[in-house]
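> Fold the stuff below for me.
(chains A, B, C and D)
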There are 2 protein chains.
Amino acid sequence: MRLSKRGEYGLRAMIALAEPADKSDAPHMMQIKEIALREGISAKFLEQILLALKNNGLLHSKMGVGGGYYLARSANEITLGQIFRVLDGPVAPVKCVSQMAYEPCGCPDEETCGLRLVMGDVRNAIADILDTTSLADVVKRQGSLRKKLGIK
Amino acid sequence: MRLSKRGEYGLRAMIALAEPADKSDAPHMMQIKEIALREGISAKFLEQILLALKNNGLLHSKMGVGGGYYLARSANEITLGQIFRVLDGPVAPVKCVSQMAYEPCGCPDEETCGLRLVMGDVRNAIADILDTTSLADVVKRQGSLRKKLGIK
DNA sequence: CTAAAAGTATACTTGTACTATAGACTTTAT
DNA sequence: ATAAAGTCTATAGTACAAGTATACTTTTAG
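Below you'll find the model as predicted:
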């Protein structure tokens, strides 16, 4: 049930962009290099990932000197599920229980296939978390944890 | 979050073996060929999978003429989680939230990493389902569904 | 006791997806 | 005009998944 590096790096970058830049609530614009350095990722690889997120409407960018990437919508309107699906595809463990990208699997009777029933539950459990957690939720959670631990 | 073919076939085979052979509650012994045919799987590939399950103590086998595979324990003592881990490895989407196979990931501060927090939730949601569902549960669920639909 | 049925074990192949890396191009600020 | 930044496409190396092949061992029937 692994999350790919692509997915991992993309989610990390989006979370970084969701953190407030300063006291103001202006959108946090960051350059690829800046994110790559901070997260310890190859800048070129991250480039592709951010591009995919942009092409799917989750990021905007500004070209030229002083440019960078920023969230296309406010952090509480972007869910982890949206990001995940762009980078890693459907959430479902097997295609035959996918809501977004259904395909039949090979079982004789899909209606009463035991494996399908359980995998359907798994899919729902994962989707419940990813689709109800926004970037803002993640940032908030990080923040209160840092506060509790007395860190920066 | 895909389930590999290896995992899928193995789980299907185990469920098949968990279904009662007849009225008696003797262990259901089946040959590789028999399972492969029923599930529409390559027998040679299934062979490897069943061997792995045997070497990890989930199956027993009887060699020679009239032999076959059967569950090493009763169907309610084998969980899907056990089978899954043998065939597909850890349940956790990222290694740094794995209970069974922890490894650090690259984040600056693991304690307050937002991604890690969420992926921990995902891991627990998946593990909750797989580790509390036994083969017997799956068979029971299939049975009641078949009954409800009036099928065989 | 021997032949055939069945599982054991390992090695090989083929394809695809992951994880990048490279390089040429476009836009923008100064 | 130039340099800083993003855009886009192609390619490469590696690892892993999925499936094949082959040779060997154990067991039972006859």
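> where exactly do the helices run in chain A?
In chain A, the helices defined using DSSP state H lie at A:5-18, A:32-39, A:43-55, A:80-88, A:114-132, A:135-149.
> tilt between the shortest one and helix A:5-18?
What it means is helix A:32-39. When axes from the mean of the first three to the mean of the last three C-alpha atoms, to 10 degrees is applied, the directions of helix A:32-39 and helix A:5-18 differ by 100 degrees.
> picking up where we left off before, can you tell me which of the helices of chain A comes nearest to DNA strand D?
helix A:32-39 (4.0 Å; C-beta to the nearest atom of the strand). Heads up, the C-betas are built off the backbone N, CA and C, glycines and all.
> got the CA positions of that closest one in PDB?
Written as PDB, here are the backbone C-alpha positions of helix A:32-39 (Å, rounded to 0.1, in the frame of the first residue of the first chain):
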ATOM      1  CA  ILE A  32      11.100  25.300  -6.900                       C
ATOM      2  CA  LYS A  33      14.600  25.500  -5.600                       C
ATOM      3  CA  GLU A  34      13.400  26.900  -2.300                       C
ATOM      4  CA  ILE A  35      11.100  23.900  -1.700                       C
ATOM      5  CA  ALA A  36      13.500  21.400  -3.000                       C
ATOM      6  CA  LEU A  37      16.200  22.600  -0.600                       C
ATOM      7  CA  ARG A  38      13.900  22.700   2.300                       C
ATOM      8  CA  GLU A  39      12.600  19.200   1.700                       C
END
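> Is residue A:46 in contact with residue A:35, as I believe?
Yes: counting by C-beta atoms under 8 Å, residue A:46 touches residue A:35, with 6.3 Å between them.
> Between these two, which contacts overlap?
Jointly contacting residue A:46 and residue A:35 under the rule C-beta atoms under 8 Å, 6 or more residues apart in numbering or on different chains are residue A:13.
> would a markdown table of the helices of chain A with mean pLDDT be doable?
Output for the helices of chain A, formatted as a markdown table (pLDDT from 0 to 100):
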| stretch | mean pLDDT |
| --- | --- |
| helix A:5-18 | 94 |
| helix A:32-39 | 91 |
| helix A:43-55 | 94 |
| helix A:80-88 | 95 |
| helix A:114-132 | 96 |
| helix A:135-149 | 94 |
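> closest to residue B:120 out of these?
helix A:114-132 (10.2 Å; C-beta to C-beta).
> Output the contacting helices and strands for that closest one.
For helix A:114-132, the elements it packs on are helix A:80-88, helix B:5-18, helix B:114-132, helix B:135-149, judged by 3 or more C-beta pairs under 8 Å, 6 or more residues apart in numbering or on different chains; DSSP states H and E.
> So is it next to DNA strand D?
No: Helix A:114-132 lies out of reach of DNA strand D by C-beta under 7 Å from any atom of the strand, never closer than 14.3 Å.
> ok, now stretch A:25-44?
Yes: with C-beta under 7 Å from any atom of the strand as the measure, stretch A:25-44 is seen reaching DNA strand D through A:31-33.
> Adding distance to DNA strand C and mean neighbour count, write the helices of chain A out as TSV.
Output for those, formatted as TSV (distance: least, C-beta to the nearest atom of the strand, whole Å; neighbours: other C-beta atoms under 10 Å in any protein chain shown):
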stretch	distance to DNA strand C	mean neighbour count
helix A:5-18	3	22
helix A:32-39	10	16
helix A:43-55	4	16
helix A:80-88	7	21
helix A:114-132	16	20
helix A:135-149	21	16
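> For residue B:113, which of those is the nearest?
Closest to residue B:113 of the helices of chain A is helix A:135-149 (C-beta to C-beta; 7.6 Å).
> Assess the claim that residue A:67 and residue A:33 are in contact.
No: with contact defined as C-beta under 8 Å, residue A:67 does not reach residue A:33; the gap is 11.4 Å.
> Pick the one among the residues of stretch A:25-44 next to DNA strand D closest to residue B:109.
The closest of the residues of stretch A:25-44 next to DNA strand D to residue B:109 turns out to be residue A:33 (C-beta to C-beta; 21.2 Å).
> Please tell me how far the residue nearest to that closest one when sequence neighbours are not counted sits from chain B.
Once flanking residues are discounted, residue A:33 sits nearest to residue A:43: 5.4 Å by C-beta to C-beta, 6 or more residues apart in numbering or on different chains. Separation of residue A:43 from chain B (C-beta to the nearest C-beta, to the nearest Å) stands at 15 Å.
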